[in-house]
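J.: Could you look at this predicted model? Sequence included:
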Number of protein chains: 2
Amino acid sequence: MIKVGILGVGTVGTSVARILIENSDIIEARAGKKIVPILGAVKNIDKKRDIDIALTDNPYDIINNDDIDIVVELMGGVEEPYILVKKALQNGKAVVTANKALLAYHRYELQEIAKDTPLLYEASVAGGIPIIGALRNGLSANHIESIKGIMNGTCNYMLTKMIKEGVRYDDVLKEAQELGYAEADPTFDVGGFDAAHKLLILGSIAYGIDAKPEDIVIDGIENITQTDVEFAQEFGYEIKLLGIAKKVDSGVEMRVHATLIPASSMIAKVDGVMNAVSVVGDSVGETMFYGPGAGGDATASAVIADIVDIVRGNSGPMLGYKKGLESGLKLLPKDEISSQYYLKIKVKDKPGVLASVASTMGEYGISIESMLQKPSRYKDRVRLLFTTHLCKEKKMLKAIKALRGLESVDDNITMIRIEK
Amino acid sequence: MIKVGILGVGTVGTSVARILIENSDIIEARAGKKIVPILGAVKNIDKKRDIDIALTDNPYDIINNDDIDIVVELMGGVEEPYILVKKALQNGKAVVTANKALLAYHRYELQEIAKDTPLLYEASVAGGIPIIGALRNGLSANHIESIKGIMNGTCNYMLTKMIKEGVRYDDVLKEAQELGYAEADPTFDVGGFDAAHKLLILGSIAYGIDAKPEDIVIDGIENITQTDVEFAQEFGYEIKLLGIAKKVDSGVEMRVHATLIPASSMIAKVDGVMNAVSVVGDSVGETMFYGPGAGGDATASAVIADIVDIVRGNSGPMLGYKKGLESGLKLLPKDEISSQYYLKIKVKDKPGVLASVASTMGEYGISIESMLQKPSRYKDRVRLLFTTHLCKEKKMLKAIKALRGLESVDDNITMIRIEK
C-alpha cells in the first residue's frame, strides 16, 4: 500500500483525495498497488470540507511522516512550497506538484535536489492534458521545432466570446468574473503571467532553457478590442493568447502574447475554457493535445497520473533529460525575437498621412504584407491596418515609437504579433 | 550502448534507423544511453535502400543475436511476425512493434509471453500521436467513458475532399490512389478494417476487452455519397469514419463506421490525412490527441519513443494494467449496441407513402427525431431523410428490413449512425 499526504486540500486537493478513493479499483489495477490518501495539511483545520481525510495544520506532519511515501503539493505560492518540497525530497519522499509558479522559479534547483527521487508535475501545465508526458516520453525522438499553446482558459473563454458573440472586452471580463473563471484582480490571467509560468516549464523540457518570467516577452489580452477581433477576421485570422516556444537559427524564442493565427489552423478552433498545445517535432510533424486546462477533477487526473507513474517505478528524469544536452540552446533576448505584426494606427484623415506612415515603416526596414483603410468612430480620423512581413521585434518597437512621433498619428497604436 | 535490430526495413524501418542516427544527440540525452541500430532484416537483401545499416535476409540473425537488446518489428502481416516476436521475447529481448494487425489478433497471447519483458506498440495506433502513452499513463486515474477516433488517414482525406470540395466518392478514391494514400485494392482502409485493428488495441487498454475484428461492427465509407455529405450538413453534422469504444450500462460497445458527428465538435474539425482520438475520462472530461496517423518519420517517432522508454526502464504493463481488473467488462454483441441513426430512403412520390414509412418505423419502436423530404434525381421518386432517437441496432436492422419490404420503398436504404 502506498500512502499519500496532501499539502493543501482546496478544490484540487479534495478532488485528488476523492478520486483516489472512488476510482481505487482502476488506479490499483493500473499502478499494481493500492494508493491511499492518509493525511492532508490545511491552513484552517476547522473549515468544513467535502472529503473524509485526516487533517493537520502543520505541513511537517506530512513532510516528516515516516508512513508517507508520496507528498502531493497543491498549496500555491512560491517560497513556502519551495521550502516544503525541498524538505520532502531530502526526506526521500517522492513529490507530485501542480504548482506552476513554484516551477517557473525553482525547477532547476528542485531538479538538483531531487536527483533520483521522483518529482513530477503533469498537472502544472494545461490541467488534465498529459502534455508533459507527451513531451518527456511520447515525442522523445524529436527535436522540438515549436510549441504553441492555449494555456489559459480564462483568456480563451473571453476571446471566444469576443470572436463568436461580439461581446466587448469589459463585458466579457465581468461575465468571466461572475462565472468564477476570472479573479477579482484578473491580471495574473489576462496579463499572460499564468500562461508564462506554464510556457517556462515546457521550454525546459523541450529546450533545456533555464529562464524566469522576467526573461521572456509577456503581453496579455487587456488591450484587445472587438475591433481588433473583427479586423483580424477580415485578414483571415483569429486572436488567441498563445504561449510560444520555438527554435530559430540563433536560439530559442519564448513569449506569451495575444496572437493572430490563421483561422484554418487547428489551434484556432479551440474554443471556450479549453486548453490545447500544438507541438511540432522534426520527426513527427505537428501534433496537438486538447482538453480541460483547469478544474478540480481534471487537474486531479493529472496529479494521480503522476502518482501512478511513481508507484510503477516509472518516473524518468524530471525535466526530460537523463543527460544534459551538450549543445546548450540559448534563450533569445526579448527584442531579438522575430515575428510578423498586425498594426492598427489611427490617423488624421488628410492627404499625405498614409504616405508618411508607410515611409516611416520603410525607414525602419518594416516590409508591409497587406494594408486596409477603415473609417474611425471619430470624425476626421481613419484607421490604417497593416500586416507586416517577418521582422525583428527591436525594429518594430523603434518603428512604432517613430510612428507615434508623427504629427498626424494618434498615440495609441495597437500591435499584435502574427504566428503562422 | 543499446543495440537495436530492425525486422523490416521499408519506409518506417528506414526512418527509425535514420532518426536514431540523425537525432542521436537528443535521444541519448533523453534516454541516458546511446542507442544504435546495428542490423536490419529484409526479404530482398539486394534492393537499394536509403540507409546505411548492415542487412541480413534471415530474421533469426536478429532474434538470436546476443548483441541485440531491442528488436523492432516492422514487417507487417500477422502470423510470421507473431512467431518472430514470440521468439524474441522468449530470448529476453525487449520488443517494439508498429504492427496493428499482429496486436489485433495476438495481443493477449503476447502479453502472456512477454510477462516482465517490455513489449511496446505506441506506433500501432494513430502513427505519431502518443495516444497509447496517454491512455496507459496520462489518464490512468480515469475510468474511460468513451474513445472516439479518426484513425484512418485515407478515409479522412477522402471524406474531407467530399465535404469541403464536393468531390464524388469514386473521383476522390482515384485521387487518393494516385497520391499513394490508398492502395490499388482499398478495402482494408475504406472498409474500416485498419481502423478496427487500432480500435481493438485501444479497447484493451481502456477496458481490458479481449476481442477480435470479427467480434465488432465494422462498416466502411464505401456507401457514402456526396448527397449524404450534403444532407448531413443540413442536419448540422459532418461525416467521419470513427472507431468508437464506449462504456454503457450493460457493457462495452466497440464499433467502426462512418458516423454523423456534430459539426461543432472538435473531432469534426480534423481534416485531411490527419488522425485524432478523443478520450473522455470520468475525472478529466474530454481530451483530444491530434497528429499525423501515418508516414515513415511520424511512425518512427512513436517507435523510438518506445525504445527510449525501454532504455529508461519505464516500460509499464503492456496493456495498461499491472493487475487484472476484477470487474471484467464485457463486449456487447454487435446488434446490442445503441445509436441514433440517419436514414435515407428513396420512395415513390405518391400519397400515403410517408405515412406507411413512418408507421413501419413506429411498429419497430424507432422514434423519429427529425425528418426532411427532398426531391430525387429520378422522376416520380422522392427522398425521405430521417434522424432517429437512440435505439438498439437490432431494432433498426429489423425496421430497415421491413421498410425494404414496403411496396413503394426502394431497396437501397442508406443507414449511417449518429454520435453526439
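T.: Great, that's in hand.
J.: Which residues are in contact with A:Asn152?
T.: Contact analysis of A:Asn152 by CB atoms under 8 Å, 6 or more residues apart in numbering or on different chains lists A:189, A:192, A:194-195, A:241, A:275, A:293. Every C-beta, even on glycine, is put in place using the N, C-alpha and C of the backbone.
J.: out of the residues you listed, who's nearest B:Val382?
T.: Nearest to B:Val382 among the contacts of A:Asn152, counting by CB to CB, is A:Asn275 at 47.2 Å.
J.: just to revisit the earlier point, closest to A:Ser24 out of the contacts of A:Asn152?
T.: Using CB to CB, A:Gly293 comes nearest to A:Ser24 of the contacts of A:Asn152, at 26.3 Å.
J.: So what's the residue count around the closest one?
T.: Neighbourhood size, A:Gly293 [other CB atoms under 10 Å in any protein chain shown]: 29.
J.: for A:Gly328, same thing?
T.: 11.
J.: Might you report the residue contacts of it?
T.: Contacts of A:Gly328 by CB under 8 Å, 6+ apart are A:Gly208.
J.: Repeat that for A:Ile27.
T.: By CB under 8 Å, 6+ apart, the contact set of A:Ile27 is A:19-20, A:35, A:304, A:308, B:140-141.
J.: Could you verify that it is part of a helix?
T.: Yes: using DSSP: H, G, I helix; E, B strand; the rest coil, the assignment for A:Ile27 is a helix.
J.: By neighbour count, which of the contacts of A:Asn152 wins?
T.: Per-residue neighbour counts (other CB under 10 Å) across the contacts of A:Asn152 peak at A:Ala195, which has 31 neighbours.
J.: Could you report the pLDDT at it?
T.: At A:Ala195, the pLDDT value in this model is 98.
J.: in which helix or strand would I find it?
T.: Under the criterion of DSSP states H and E, A:Ala195 resides in helix A:193-207.
J.: How far does the helix or strand just after that helix sit from its chain's centre?
T.: With elements assigned by DSSP H and E, the helix or strand that comes after helix A:193-207 is strand A:217-218. Counting by CA atoms, centre = their mean, to the nearest Å, strand A:217-218 is centred 12 Å from the centre of its parent chain.
J.: Output the contacting helices and strands for strand A:217-218.
T.: Here strand A:217-218 touches strand A:251-262, going by 3 or more CB pairs under 8 Å, 6 or more residues apart in numbering or on different chains; DSSP states H and E.
J.: Can you point out the buried residues in the strand it packs on?
T.: A:251-261 (16 or more other CB atoms under 10 Å in any protein chain shown).
J.: before we move on, the earlier item: go through the contacts of A:Asn152 and say which is closest to B:Asp380.
T.: Closest to B:Asp380, out of all of those and judged by CB to CB, is A:Asn275, at 54.9 Å.
J.: Give me the sheet partners of the helix or strand hosting that closest one and which way each runs.
T.: Per DSSP H and E, A:Asn275 falls inside strand A:274-281. Its sheet considered, strand A:274-281 pairs with strand A:144-150 (antiparallel), strand A:285-292 (antiparallel) by DSSP bridges.
J.: Could you say which of the ones you listed is packed most deeply?
T.: strand A:285-292 (a mean of 25; mean count of other CB atoms under 10 Å in any protein chain shown).
J.: so after it, what's the next helix or strand?
T.: Once strand A:285-292 ends, the next helix or strand along the chain (criterion: DSSP H and E) is helix A:296-312.
J.: continuing past that following helix, what's the next helix or strand?
T.: Using DSSP H and E, the helix or strand that directly follows helix A:296-312 along the chain is strand A:338-348.
J.: C-terminal to that next one, what's the next element?
T.: Next along the chain after strand A:338-348, taking DSSP H and E as the criterion, comes helix A:353-363.
J.: other SSEs contacting that following helix?
T.: Applying 3+ CB pairs under 8 Å, 6+ apart, one finds that helix A:353-363 makes contact with strand A:338-348, strand A:368-375, strand A:381-388, helix A:393-405.
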